[in-house]
Structures are given as structure tokens and as C-alpha cells.
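Peer 1: Got a predicted structure plus its sequence, pasted below:
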Amino acid sequence: MVTHAQATPWSRERLREALRLYLVTDQPSLKGRTLTDVVLAAVQGGVTCVQLREKHANSRDFHALAMALMDLLQPLQIPLIINDRLDIALACGAQGVHLGQSDLPVAAARALLPPGVFIGWSVETLDEVMQSASLPVDYLGVSPVYATPTKTDTATPWGLDGLQRARAATPLPLVAIGGIHAHNAAAVLQAGADSLAVVSAICSADDPRSASQHLRDLIDAH
């Protein structure tokens, strides 16, 4: 039986904690391993939330993956976030939805979602950060901080200076994504990110659990 997140919205502080180490899935990066095996290892290493991103899966396959991750993550109290697809999020009972600039408008999504499901929104410019003040969004994905091979249709990278400007412009939790790895994680956090979102740094790691633990240690030390 599908059950949704708690009936009341997440507090900003609780959400900030839940987003600290944010895994974005990418099946081509898994090196032949199963998605559930990599996600489980990542969570064991310290990942605090998981976004299921499936740009090319049909609806049936996307839903099956979402249900498999819900079965894995719900007992561990790790939020599952569905990228783009509001219908999949509703069907599987996910705790969050992440929307991009070309997806369903945030206000329309909020009207359809239970109040306990949080919404993230990708921002590529400072104008979009400012616009978020009038939208029912719960966190912002600052994308991309650096250029990244796992997503090639992104805008000009923010860089650390841009991330600092985004931080100064909003009180919302900021999830930094795009080219994040262990060697630049501390600088990204110092520039104002509340959360590190990673793809290949975990999905393509020889040991996803160890890679996650290293990133989590960097976050906890910040």
C-alpha cells in the first residue's frame, strides 16, 4: 500500500538535515551494478536522501524502480525524491519531488501534492533564485556549480562566486549539484551550500559506501 509523507510540511531545519548528502541516481554510471545495491551501499555510507532521476525510462519502468527504492529507503527513514515526474511521485508515495525550469510549474505541482511532500526547484540564474521567494518551493538546487559530464543540457556553471551570491539572496536550503566530488566539497560548503548533491562521485565509485562515507565526513566536519 502506498503511503505518503507526514501530513504536515517539513520544517526548514529538518529538511536541511535530510538533504545534507544528496545522491542523484544515474544508471549508466553504475558500472553494471544494480541500482538498489549502489543506493543501499551509499546510504550505509552516510547518504541522507536519494533522488531517482530517469530521463529515458518509460513510466512503467520508472514506477518499478521508484517502488523498489521506496521499499529499501522507507524503513531506513531516508527520503526518496522523484525527479521531474509528479505522477511517479504520487504513485509511489515519495517524500519529495524535484522540478526543473521546463517541468510542471511549481505552483501547479504544489496544488496536486499532499502537504507533506516537499518540492525542490533547480535554479540556473540569480533571477530564478529571487523568483523562488514567491513560489511554494522548499529547497533550491543550484545547478550546475561546475560543469559535469552526467548532465550536458545545463546552463553556464555558477562557480563558487555565483553560489555565494545565491546564498546571500535566499534563506531556502541550497543543494549544490554539478561536478561535486571529495576534492571540491569543502569549498562548495564554505561558499554557502547546505547540501552536496552527487552523481558519479558515488554511482561510479569502486566502493560507493566508502565514497559516501568520505563525503559525509567532509560535510559533518564543516
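Peer 2: Cool, got the structure.

Peer 1: can you pull the contacts of the closest residue to residue 124 other than its chain neighbours?
Peer 2: Nearest residue to residue 124, sequence neighbours excluded (CB to CB, 6 or more residues apart in numbering): residue 155, at 3.8 Å. For the C-beta atoms, the positions are set from N, CA and C on the backbone; glycine is no exception. Going by CB atoms under 8 Å, 6 or more residues apart in numbering, residue 155 touches 124, 125, 143, 144.

Peer 1: Could you dump the residues you listed into TSV with distance to residue 169 added?
Peer 2: As requested, these are exported to TSV (distance: CB to CB, whole Å):
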residue	distance to residue 169
124	14
125	11
143	15
144	18
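
Peer 1: Greatest separation within those residues: which pair is it?
Peer 2: Maximum pairwise distance in the contacts of residue 155, criterion CB to CB, is 12.3 Å, between 125 and 144.

Peer 1: Now find how far off-centre the longest strand anywhere in the chain is within its chain.
Peer 2: Secondary structure of the chain per DSSP state E: the longest strand is strand 118-123. Here the centre of strand 118-123 is set off from its chain's centre by 9 Å, with CA atoms, centre = their mean, to the nearest Å.

Peer 1: Would you double-check that residue 50 falls in a strand?
Peer 2: Yes. Applying DSSP: H, G, I helix; E, B strand; the rest coil, one finds residue 50 inside a strand.

Peer 1: Now do the contacts for it.
Peer 2: Residue 50 makes contact with 22, 23, 25, 39, 42, 43, 69, 73, 78, 79, 80, 81, according to CB under 8 Å, 6+ apart.

Peer 1: Please repeat the previous calculation with a cut-off of 6 Å.
Peer 2: Residues counted as contacts of residue 50 (CB atoms under 6 Å, 6 or more residues apart in numbering) are 23, 39, 80.

Peer 1: With residue 182 instead?
Peer 2: residue 214.

Peer 1: one more time with 8 Å
Peer 2: Taking CB under 8 Å, 6+ apart, we find residue 182 in contact with 201, 211, 214, 215, 218.

Peer 1: part of a helix, is it?
Peer 2: No. Counting by three-state DSSP, residue 182 is not part of a helix but coil.

Peer 1: I'd like to know how far it sits from residue 98.
Peer 2: 23 Å (CB to CB, to the nearest Å).

Peer 1: cool, residue 72 as well?
Peer 2: 19 Å.

Peer 1: Between the two, tell me which one has more neighbours.
Peer 2: residue 98 (26 against 18; other CB atoms under 10 Å).

Peer 1: Could you say which helix or strand holds the more buried one?
Peer 2: In this assignment (DSSP states H and E), residue 98 forms part of strand 96-99.

Peer 1: Quick one: mean pLDDT over that strand.
Peer 2: Average pLDDT, strand 96-99: 98.

Peer 1: again, but for stretch 176-195
Peer 2: Stretch 176-195 shows a mean pLDDT of 97.

Peer 1: returning to that earlier point: partner strands of the longest strand of the chain, parallel or antiparallel?
Peer 2: strand 96-99 (parallel), strand 139-142 (parallel) (DSSP bridges).

Peer 1: now the ones you listed in a markdown table, with distance to residue 109?
Peer 2: Putting the strands paired with strand 118-123 into a markdown table (distance: least, CB to CB, whole Å) gives the following:
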| stretch | distance to residue 109 |
| --- | --- |
| strand 96-99 | 6 |
| strand 139-142 | 14 |
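
Peer 1: For residue 12, find the nearest of those.
Peer 2: strand 139-142 (8.5 Å).

Peer 1: Let me know the average pLDDT across the helix or strand just after that closest one.
Peer 2: Next helix or strand after strand 139-142 toward the C-terminus (DSSP H and E): helix 159-169. Average pLDDT, helix 159-169: 98.
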